[in-house]
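Colleague: Build me a model:
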Amino acid sequence: METTLSEQTQTDAKQVAQQTVLSILLALSFTHFLNDTLQSLIPAMYPVLKGTLKLNFTQVGLITFTFQMSASLLQPLVGLFTDKRPQPYSLAIGMSFTLLGLISLSLAHTFPMVLVSVGLVGIGSAIFHPEASRLAYMASGGKHGMAQSLFQVGGNAGSSLGPLLAAMVIVPFGQFHIIWFSIAALLAIVVMLNISKWYLANTHRIKPKKVVQQLDKPTLSNTKVIFSLGILLTLIFSKYFYMASMTSYYTFYLMDRFHLSVQSAQVYLFIFLFAVAAGTFIGGPIGDRIGRKYVIWISILGVAPFSLLLPHATLFWTAVLSVFIGVILSSAFSAILVYAQELVPGKVGMIAGLFFGLAFGMAGVGSALLGKLADATSINHVYQVCAYLPLIGLLTGLLPNLEKKKQ
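Modeller: Presented below is the predicted three-dimensional model:
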């Protein structure tokens, strides 16, 4: 009888723990939604800023470069530091930087001030992503792919809203009205403070026993691990260079080729980004089931036929192809990140910071270089060049199969 009561108590406790974990994952996804909604306002404002400040494509690219590089360079350092010293309140601190950046951007009437403003938003992102990704890993209950996908889908859903919000608020009413979105930043800070309480009470989840660490460690040589990380980072380059062409210049491409208005082009950008959000959740759970290597292979290389067709399509088919590109390409990141975390167990924050940082860095560098290319040639030529980037996905065949290694 006592044994039955004990088992029942353990079962009840496990169910309560699972409910708590799900609530944390949902809260993280929601804060990622708010965080990336605010960040997505930056590229959504490019047509407005280009007109009011008389910017060229190179300067537009430099805005993205500044934002992404301020996030990119700090994220691995933040992840490495918090692997050793977890910082439960860092999420709210990061969002505070984003809040300052938004307020500054609403008042910025010179190009240097715009760069300072987006740099502050980038710092906020650098602080947020490694720790939030670690929390998703902690709260996953072992379903790491699902947890990362749930976390990512919140961010990508938020990113998709930026163009619509810009079309409804910023384009008709002006740059200053971005300040109203500071309310969303304040809401995110409140939710993040509540998440921090759970983090404080559950830091033991990121300090597994040594025996478990040895069991989880993949049987790969250091050379093979480094080689595999190099391939993953190259795939990140391919994915985010192509994504930079879409997030930074897709509206300009549509306006130039199909003579759309700014607001109409923003709607098409929303369609693409919504497809990205919809496809995000696919990669993680499928990777948990069939293996992450296969998801990475399909999600990078599988985009190639659609990216190659895009520069030659009509407006209708451009929209259709952008949906396929968004859904397929977006499934890659969660699978890549969890695969890398399994390659280097015990370094969840550092790996998250490295890969989020590189993703932001590649987007920034890509945007700057593509802006320069657009000024030197044309915006149409940019999409003809970028169409070949997904072919780099062929490198996935060189990755080891970690699932087999663990058996």
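
Colleague: Test my guess that Cys386 contacts Met243.
Modeller: No. Between Cys386 and Met243 there is no contact under Cβ atoms under 8 Å: 9.7 Å. No exception for glycine: its C-beta is placed from N, CA and C like everyone else's.

Colleague: Any idea how many residues pack against Lys54?
Modeller: Around Lys54 there are 9 other residues, counting by other Cβ atoms under 10 Å.

Colleague: same deal with Tyr388?
Modeller: When neighbours are counted by other Cβ under 10 Å, Tyr388 registers 13.

Colleague: distance of it from Ala304?
Modeller: According to Cβ to Cβ, to the nearest Å, Tyr388 stands 8 Å off from Ala304.

Colleague: what do you get for Leu49?
Modeller: 33 Å.

Colleague: what does the helix or strand encompassing Gly51 contact?
Modeller: Assigned by DSSP states H and E, Gly51 belongs to helix 46-52. Under the criterion Cβ atoms under 8 Å, 6 or more residues apart in numbering, residues 55, 60, 63, 114, 166, 170-171, 174-175, 248, 251-252, 255, 262, 265-266 lie in contact with helix 46-52.

Colleague: what do you get for stretch 172-186?
Modeller: 34, 37-38, 41, 45, 48-49, 52, 95, 98-99, 102-103, 105-108, 165, 169-170.

Colleague: quick revisit: pick the one among the contacts of helix 46-52 closest to Gly366.
Modeller: Ser248 (8.2 Å; Cβ to Cβ).

Colleague: Quickly find the element holding the closest one.
Modeller: Using DSSP H and E, Ser248 sits in helix 222-258.

Colleague: List the buried residues for that helix?
Modeller: Within helix 222-258, the residues that count as buried by 16 or more other Cβ atoms under 10 Å are 228-229, 231-255, 257.

Colleague: Next: stretch 371-380.
Modeller: Neighbour counts over stretch 371-380 (16+ other Cβ under 10 Å) mark 371-374, 379 as buried.

Colleague: Ends of that stretch, what's the gap?
Modeller: Start-to-end span of stretch 371-380 (Cα to Cα, to the nearest Å) is 12 Å.

Colleague: average model confidence for that stretch?
Modeller: Averaged across stretch 371-380, pLDDT comes to 92.

Colleague: distance between that stretch and the chain's centre?
Modeller: With Cα atoms, centre = their mean, to the nearest Å as the basis, stretch 371-380 stands 26 Å off its chain's centre.

Colleague: Same question for stretch 264-272.
Modeller: Centre-to-centre, stretch 264-272 and its host chain are 19 Å apart (Cα atoms, centre = their mean).

Colleague: cool, stretch 361-377 as well?
Modeller: Centroid displacement of stretch 361-377 relative to its chain, using Cα atoms, centre = their mean, is 19 Å.

Colleague: Touching that stretch from outside, list them.
Modeller: By Cβ under 8 Å, 6+ apart, the residues outside stretch 361-377 that reach it are 56-62, 64-69, 71-73, 236-237, 239-245, 247-249, 252, 381-382, 385-386.

Colleague: circling back: just the buried members of the contacts of helix 46-52?
Modeller: 55, 60, 63, 114, 166, 170-171, 175, 248, 251-252, 255, 262, 265-266.

Colleague: quick one: which of the residues you listed sit in helices?
Modeller: 60, 63, 114, 171, 248, 251-252, 255, 262, 265-266 (DSSP state H).

Colleague: Which residue in these has the weakest pLDDT?
Modeller: The member of these with the lowest pLDDT is Val171, at 75.

Colleague: Looks like it contacts Gln266 (just checking).
Modeller: Yes. Here Val171 reaches Gln266: they are 7.3 Å apart, a contact under Cβ under 8 Å.

Colleague: Right, I'll call it a day here.
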